Each structure stands twice: as structure tokens, then as C-alpha cells.
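Engineer: sequence first, then the predicted structure:
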Amino acid sequence: MRLQEGTRVLLTGGTGFIGANLTRALLSRGASVHLLCQPSSSFWRINDLKDRLTIHQADLLEAETVQAVVQAAQPQGIFHLAMAPGHPSSPAERSLSLAVATLGTAHLLEAARAAGVARVVHGGSSLEYGPRERALEESDPLQPKTFRGLAKATASMVASWYALHGGLNVTILGFFSVYGPWESPSRFIPTVLRAALQGEEIRLTAPGFRHDFVFVEDVVAACLRAAEAELASGEVFNIGSGQQWANEEVVALVERLVGHRLPVRVGAYPAQPPDTHHWQANIAKARALLGWAPAHSLEEGLRKTLTWMQEHHDQLG
């Protein structure tokens, strides 16, 4: 599929962090962009784009409604990024998370098959693997530690079935710790950068928790590449930087960027469900088959994000 002027694409999760950045990139190419959004979706990330988009309000759990949206949009390609937010902590939240992952994905891909969609790019997660003491590879068995990882793993398995047996051309991308413009202000990197700008205290986890941070512009580039590349259906690619950083190392890097120390209370923030001491992507397969590698170092991505936050402080509260 060639993404160019007039190409019709449909996104789920287009109001989310990665989706909003991908939506902007698709519009810059002249694509005709349709969003399938939950009725409860917040549009703060794309308010300035709404008159350039076709927005369909639908619940992924309602198969007939999803099919009607796909038939109306007649997309050549679909980017499936939608997922219930956060880490579910109650039985009701776990039930919803699993339903959106499995039924929602199945409803969308069934509709895509019926409409003859040429390519689907499915957004997976590194949480699907579970922790390992080495770089994670696409061939690793899925052993998620968190329920969100379990839900994402089931969604990727549904996508894989449609790729291998359901007649759809699907590429699955496993995103690591994505950061950059339009990320939720409460997350780790926006919190550190806001502290650098405003002097707020940072409540940091105990030392040693690591992430493979990958800049959102690089993730968007991977999504576009996955839509356009000639690939066997069902291929899975890790989308990370291939490097891991401890939280305190990120703070030290931001201190060097801004030229002053940040107020930090180490150990004041509790470890979160997915936190681990080793979290790194092996991206050799993405380099070799997808022709993708991150273009930004962590320092370059943080500098761009910091500049963006200075320019958009009125939208970040």
C-alpha cells in the first residue's frame, strides 16, 4: 500500500498518544484519514485537526457498528492502535480490557476482511513478552507479567490469526516505552521535563528500573514503513531503541540538557506493575526486514520534546 495524496486510511486509537502523532503524519502526506473513536474519547490532542478528519463514533465491542464504519470509510489501510487505557485493577476493568483486546480486534479485522482492506498495521506492546534478563526478541514466547500485557498479547494473537489464516495482510508492531509530543502529562518523561521547566519536585522510583525509550516520531515512521513495505503477512517487529535507560539516568540526561540540577526524591514513587530491571528491545529484525531503525538518540528525542512542551504549555495544563 502506498501512503500518498488521497489514500484512504482508518485509525483506531487516533485520539491517543501514538495515534495523534500518526494522524498528523498521515495528513501531512495528503491521506484521507478516518478515525474510529469511542463516544467517550477526548480530542485534546487533535482538536486543531478535526475539520481535516472524518470521525466515526463507534464502540469496538459492537460488531455491526464497526462493520458499518469500515464499509463507510472504505479504507485501503487500517492502523489498529485502540486499547482500554492503563493497567486494569478491578474485575470490571480487567473484563473490559480483555474484551476490547479480543472482541474489539476481531470485530475490526472481520470488517476489514469483508471490505477487502489491503494492509492492517496492528499496534502491540513489549508488555506481551514479560521480563527477561536480555534483549527481547520477536521469537520469544509470550509470558506477560501484567494484565495489560496479557490483554495486548491476546489482541496480537487475534491479529496473527487473521494474518495467517483469515485472509488479511497484517503486520504487528511491538512498541516499547514510547515518549514525545502529546504524551499524557502524568507519565514519566513529561513529568521530568516539566520539572526541568517549572522546578517541580520529581518523586522517583528506587534506582535500577529500566526502560527502552523510543521517540514517537520514530514509532510513527515504523508504522508508515509497516504499511508500505512488502512483507509476509503476520510478521512481528520490535519497535524500540535497542538501548535501555534507568529512570535516574534519564533525569541526569535532562539535567545536562537544561544545565541545572532537578529536585528529586529517590524512592518516593512506588514501582509500577510493569517495572523491571531489564527492558530492552532487540531490533535486528526491524532493521533487516522492515528497513527501520530509530533516527533519534534519547538526548535528541528529549530535546525535541522539551522544545515542544515549551511551545504547547497552554495545552498541557
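Structural biologist: Looks like it came in fine.
Engineer: tell me how far residue 4 lies from residue 229.
Structural biologist: Residue 4 is 15 Å from residue 229, where distance means C-beta to C-beta, to the nearest Å. C-beta coordinates here come from the backbone N, C-alpha and C atoms, glycine included.
Engineer: so these two - more neighbours on which side?
Structural biologist: Between residue 4 and residue 229, residue 229 has the larger neighbour count (other C-beta atoms under 10 Å), namely 16 against 10.
Engineer: the closest residue to that one other than its chain neighbours: what's it in contact with?
Structural biologist: Nearest residue to residue 229, sequence neighbours excluded (C-beta to C-beta, 6 or more residues apart in numbering): residue 290, at 6.0 Å. Residue 290 makes contact with 222, 225-226, 229, 231, 235, 237 under the criterion C-beta atoms under 8 Å, 6 or more residues apart in numbering.
Engineer: so which of these is the closest to residue 73?
Structural biologist: Distance to residue 73 across the contacts of residue 290 (C-beta to C-beta) is lowest for residue 226, with 19.5 Å.
Engineer: that closest one: how many residues sit nearby?
Structural biologist: Neighbourhood size, residue 226 [other C-beta under 10 Å]: 27.
Engineer: torsion angles phi and psi at it?
Structural biologist: Backbone geometry at residue 226, expressed as degrees, to the nearest 10, gives phi -70, psi -30.
Engineer: that one contacts residue 121, correct?
Structural biologist: Yes. Using C-beta atoms under 8 Å, residue 226 is in contact with residue 121, at 4.7 Å.
Engineer: need the residues touching each of the two.
Structural biologist: Residues touching both residue 226 and residue 121 (C-beta under 8 Å, 6+ apart): 171, 173.
Engineer: next one: the residue nearest to residue 65 when sequence neighbours are not counted from residue 108, what distance?
Structural biologist: Spatial nearest neighbour of residue 65, excluding adjacent residues (C-beta to C-beta, 6+ apart): residue 58 at 4.5 Å. Per C-beta to C-beta, residue 58 is found 10 Å from residue 108.
Engineer: which residues do those two both contact?
Structural biologist: Taking C-beta under 8 Å, 6+ apart as the contact rule, residue 58 and residue 108 both touch 36, 66.
Engineer: the two: who's more crowded?
Structural biologist: Comparing residue 58 with residue 108 by other C-beta under 10 Å, the one with more neighbours is residue 108, at 29 against 20.
Engineer: what helix or strand is that one on?
Structural biologist: helix 105-115 (DSSP states H and E).
Engineer: what's the spacing between the helix or strand just after that helix and its chain's center?
Structural biologist: Following helix 105-115 in sequence order, the next helix or strand is strand 119-125 (DSSP H and E). Centre-to-centre, strand 119-125 and its host chain are 10 Å apart (C-alpha atoms, centre = their mean, to the nearest Å).
Engineer: quick one: buried residues of the helix or strand following strand 119-125?
Structural biologist: Per DSSP H and E, strand 119-125 leads on to helix 147-164 as the next helix or strand towards the C-terminus. For helix 147-164, a neighbour-count test (16 or more other C-beta atoms under 10 Å) marks 147-163 as buried.
Engineer: swap in stretch 115-131?
Structural biologist: So, applying 16+ other C-beta under 10 Å, buried residues of stretch 115-131: 115, 117, 119-130.
Engineer: any idea of the mean pLDDT for it?
Structural biologist: Averaging pLDDT along stretch 115-131 gives 97.
Engineer: what's the first-to-last distance across it?
Structural biologist: 38 Å (C-alpha to C-alpha, to the nearest Å).
Engineer: for stretch 55-67, output the C-alpha coordinates as CSV.
Structural biologist: C-alpha atoms of stretch 55-67 as CSV (Å, rounded to 0.1, in the frame of the first residue of the first chain):
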residue,chain,number,x,y,z
ILE,A,55,-14.6,11.0,12.6
HIS,A,56,-16.8,8.0,13.2
GLN,A,57,-18.0,7.4,16.7
ALA,A,58,-18.4,3.6,17.4
ASP,A,59,-17.7,1.0,20.1
LEU,A,60,-15.3,-1.7,19.0
LEU,A,61,-17.4,-4.2,21.0
GLU,A,62,-20.4,-3.6,18.7
ALA,A,63,-19.6,-5.7,15.6
GLU,A,64,-22.3,-4.4,13.4
THR,A,65,-21.4,-0.8,14.1
VAL,A,66,-17.7,-1.4,13.4
GLN,A,67,-18.6,-3.1,10.1
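Engineer: contacts for it next, please.
Structural biologist: When contacts are defined by C-beta under 8 Å, 6+ apart, stretch 55-67 is touched by residues 12, 34-39, 41, 68-69, 72-73, 82, 99-100, 103-105, 107-108, 110-111, 114.
Engineer: could you pull out the strands for the stretch 201-317 of the chain?
Structural biologist: Under the criterion DSSP state E, counting those that start in this stretch, the stretch 201-317 of the chain contains strands at 202-204, 210-211, 213-215, 236-239, 245-246, 264-266.
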